[in-house]
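Undergrad: here you go, sequence then predicted model.
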Amino acid sequence: MKAPIATSEGIFLAEFSEEGLCFLHFPKASEVSAKEETAEVPATLRPWVKLTTAALKAVLAGRVPTEFPPLDLSAGTKFQQSVWRQMLKIAPGKTKSYGEIAKAIGKPAAVRAVGGACGANPIPVLVPCHRILAAGGKLGGFSGGLDWKRRLLAIEGHAQYQA
DNA sequence: CCACGGTGGTAGA
DNA sequence: TCTACCACCGTGG
């Protein structure tokens, strides 16, 4: 089930499963058709849409979301899920390196694999993969495009990353 | 600055 | 299985 999420940064597209929010797509003209934009959201989904919208707006304003919708991370492997859960612990304004994440999940040598897991993150922004940097404060990559990573970091107070 | 080797996890064949 | 990717990281020119 899909639903558009309107924010100051554009219209995101959320996808929900039975379990909760399972995907979040960055605003892109091709992703949200006019039809989807105006379509009625099913009543059963409205509470989750509301929570998703509130949480997204909070992050985009540099604040800590008071409440998340349930997150369905079942699309990922065990390894990926442990990486994603670890990222959820990083507060806005803070950053960690890929290496620190690897150590935190007990696989210090799996640094490179952590990068792969970040790239596979189905719920960017809310699962804050943008707060993961390469060693030495270098940006690394970002699945949604580096501009987004820079913008998100700038919102959270890292002026040096502004495009 | 660049090149390289050691890495672990994933997707595809 | 085997293979070829990688949003890494340290070391060494």
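TA: The structure has been received and is ready for your questions.

Undergrad: for chain A, give the helix that spans the most residues.
TA: In chain A, with assignment by DSSP state H, the single longest helix is helix A:46-60.

Undergrad: quick one: contacts for residue A:80?
TA: A:73, A:117, A:120-121 (CB atoms under 8 Å, 6 or more residues apart in numbering). (Each C-beta comes from the backbone N, C-alpha and C, glycine too.)

Undergrad: one step back: residues of the longest helix of chain A that come out buried?
TA: Across helix A:46-60, burial judged by 16 or more other CB atoms under 10 Å covers A:48-49, A:51-60.

Undergrad: likewise for stretch A:116-123?
TA: Buried positions in stretch A:116-123, judged by neighbour count with 16+ other CB under 10 Å: A:117-118, A:120-123.

Undergrad: now those residues in JSON lines, with distance to DNA strand C and pLDDT?
TA: Formatted as JSON lines, the buried residues of stretch A:116-123 follow (distance: CB to the nearest atom of the strand, whole Å; pLDDT from 0 to 100):
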{"residue": "A:117", "distance to DNA strand C": "9", "pLDDT": "98"}
{"residue": "A:118", "distance to DNA strand C": "3", "pLDDT": "98"}
{"residue": "A:120", "distance to DNA strand C": "8", "pLDDT": "98"}
{"residue": "A:121", "distance to DNA strand C": "5", "pLDDT": "98"}
{"residue": "A:122", "distance to DNA strand C": "10", "pLDDT": "98"}
{"residue": "A:123", "distance to DNA strand C": "11", "pLDDT": "98"}
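
Undergrad: and these near DNA strand B, which?
TA: Restricting these to those near DNA strand B by CB under 7 Å from any atom of the strand leaves A:117, A:120.
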